[in-house]
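In: Sequence and computational prediction follow.
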Amino acid sequence: MLIKTAEFVKSSEKWQNCPEPNLPEYAFIGRSNVGKSSLINALMNRKDLAKTSQTPGKTQLINHFLVNGEWYLTDLPGYGYARVSKSSRKDFEKLITNYILNRKNLVNLFVLVDSRHSPQKIDLEFIEWCGENSIPFSIVFTKSDKLKPKETATKVEDYKAELLKTWEDLPETYLTSAEKKTGGDEILNFIEKTNDF
Ligand code: GTP
Ligand code: MG
């Protein structure tokens, strides 16, 4: 898919304030610092459309971007950020789960996990929750440039093996690097395929 235009629409602090759900929507979620905003920038071929930071917890609101005037791309706050109080972490979780459960135009959720890491409890629990709630999702392994290709491949295979302990089938998976701008075309192809333009 050719990205002709990508524009920031608005930041919302709850799903009720999000733009009218009148266009297909694709959202990016995952732990703080996993690379959601960076991947969005890479997909859109823009440096600073979504704000990124080395410090986890940068994205704290639901950010909507309009792509080609035809579909919404959504940057969600990261979950599991340790350095905030328990109550504000709970508020974040509620914000995210309410958004996912109530957003009628959400076509697919891209769940990002760091390709360097072994499966983390919080991600597995989140993926489980998506399954229980019949949320359509894919898994995106990020930061694939950080390890040697062979090491990354092993990590990804181990991750899939872990998922197959509880899932009969694997969801779609993608391997990406925002740094090297790889893996994005597959995601955009998927969006093009699943989107009624
Ligand atoms: P929150 O908004 O805090 O939840 O984080 P986020 O998931 O949006 O992460 P963000 O895109 O801000 O990236 C976090 C850090 O990881 C930044 O320092 C990025 O430069 C770095 N990063 C993200 N993607 C990649 C990648 O593919 N490769 C490398 N090497 N670094 C990356
Ligand atoms: Mg972010």
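Out: Thanks, I have the structure now. Ligands and ions are numbered 1, 2, ... in the order given.
In: Return the helix or strand in the chain with minimum mean pLDDT.
Out: One helix or strand of the chain scores below all others by mean pLDDT, DSSP states H and E: helix 86-102, with a mean of 86.
In: what residue lies at the spatial centre of the chain?
Out: Using C-alpha atoms, centre = their mean, the residue of the chain that lies closest to the mean C-alpha position is Phe28, 2.2 Å off.
In: quick one: contacts for the spatially closest residue to it that is not a sequence neighbour?
Out: Nearest residue to Phe28 in three dimensions, chain neighbours excluded: Lys36, at 4.5 Å (C-beta to C-beta, 6 or more residues apart in numbering). No exception for glycine: its C-beta is placed from N, CA and C like everyone else's. Shown in contact with Lys36 (C-beta atoms under 8 Å, 6 or more residues apart in numbering): 28-30, 50, 59, 75-76, 78, 112.
In: could you redo the last one with a cut-off of 7 Å?
Out: Counting by C-beta atoms under 7 Å, 6 or more residues apart in numbering, Lys36 touches 28-30, 59, 75, 78, 112.
In: and the residues you listed, which of them are in strands?
Out: Within these, residues falling in strands by DSSP state E are 28-30, 75, 112.
In: could I get these as TSV with distance to ligand 2?
Out: Shown next, in TSV, are the ones in strands among the contacts of Lys36 (distance: C-beta to the ion, whole Å):
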residue	distance to ligand 2
Phe28	9
Ile29	10
Gly30	9
Asp75	6
Leu112	10
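In: Which of those are buried, as a ChimeraX select command?
Out: In ChimeraX, this line selects whichever of these come out buried by 16 or more other C-beta atoms under 10 Å:
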select :28,29,30,75,112
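In: any idea which of the ones in strands among the contacts of Lys36 is the one closest to Ala42?
Out: Ranked by distance to Ala42 (C-beta to C-beta), the ones in strands among the contacts of Lys36 are led by Phe28 at 11.3 Å.
In: any idea how far that closest one lies from Ile40?
Out: Distance from Phe28 to Ile40, counting by C-beta to C-beta, to the nearest Å: 6 Å.
In: what do those two both touch?
Out: Joint contacts of Phe28 and Ile40 (C-beta under 7 Å, 6+ apart) are Asp75.
In: Run a quick neighbour tally on Glu20.
Out: Per other C-beta atoms under 10 Å, the neighbour tally for Glu20 reads 6.
In: Show the backbone phi and psi for it.
Out: phi -50, psi 130 (degrees, to the nearest 10).
In: Can you check the pLDDT for it?
Out: The model reports Glu20 with a pLDDT of 97.
In: from now on call the first residue 18
Out: Sounds good: first residue 18 from here, last item Glu37.
In: residue ranges for the strands of the chain, please.
Out: Taking DSSP E as the test, the strands found in the chain are 23-29, 42-47, 79-84, 88-92, 123-131, 154-159, 190-192.
In: what lines up beside the shortest one in the sheet?
Out: Which is strand 190-192. If you go by DSSP bridges, strand 190-192 pairs up with strand 154-159 (parallel).
In: With that, I have no additional questions.
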